[in-house]
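Asker: pasting the sequence and the predicted coordinates here, then a few questions.
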Amino acid sequence: MDMRSTRAQPLDTWRAAGSLLLVCASLWLSACASLRVALGTHASAKPERVFHLRVVSRKPHQMATALAVELANRGHLVQRFDSQSDADALRTSEHEQNPQANSPWIELVVDGLGQDFESPESVSVRFYKGQSRILTGGINWLNGFAGGTGFSLERLFKWGIVPSAHQIATHIERSLKDY
């Protein structure tokens, strides 16, 4: 009987360890695959200067929406348009109502490249001021450090939408300080 109990003990130990490992691995994998919410900036105080910004893209663009949310979270007044014609119509109606007034709105036109919506490749933001839409500046932002798009590990070197919007909004605020 002693021989059986000593032989059964290591086998039971291995089974228990295997079961524990299986439970831990399944918990770890389910945690990796669970839904996550990425939070942008939550400004606790108002910015030094509140800008009136119109974020415009030629077609629905996830980065433009993320950028509008990031700028609104920082305390700026933001209007979001998915087409240039909608922004033009609003600008024209404002001018018809009060042709003498200068518009406080700065128009940010957002264009971007990238097949992957989670990590954009590049984003271009142009700043237009006034009724005549005079180009006053802009930002060209590139994502990643790995080189060409064919590089297999390039996704590891790219920022996601929320960190990208955070970085671009920081550059926009710096660029607009002189307005």
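Answerer: Received it, and whenever you're ready, just let me know what you need.
Asker: can you point out the buried residues in the helix or strand that contains Pro163?
Answerer: Using DSSP states H and E, Pro163 sits in helix 161-176. Neighbour-count burial for helix 161-176, counted by 16 or more other C-beta atoms under 10 Å, picks out Ile161, Val162, Ser164, Ala165, His166, Gln167, Ile168, Ala169, Ile172, Glu173, Leu176. Placement of C-beta: from N, CA and C, glycine included.
Asker: out of these, who's nearest Ile134?
Answerer: Of all the buried residues of helix 161-176, Ile134 sits closest to Leu176, with 14.5 Å by C-beta to C-beta.
Asker: what about the closest one, distance to Glu94?
Answerer: Here Leu176 is placed at a distance of 20 Å from Glu94 (C-beta to C-beta, to the nearest Å).
Asker: same question for Ala169.
Answerer: Here Ala169 is placed at a distance of 25 Å from Glu94 (C-beta to C-beta).
Asker: likewise Phe81?
Answerer: 14 Å.
Asker: the two: who's more crowded?
Answerer: Phe81 (20 against 14; other C-beta atoms under 10 Å).
Asker: go ahead and confirm the more buried one touches Arg54.
Answerer: Yes: between Phe81 and Arg54 there is a contact at 6.5 Å, judged by C-beta atoms under 8 Å.
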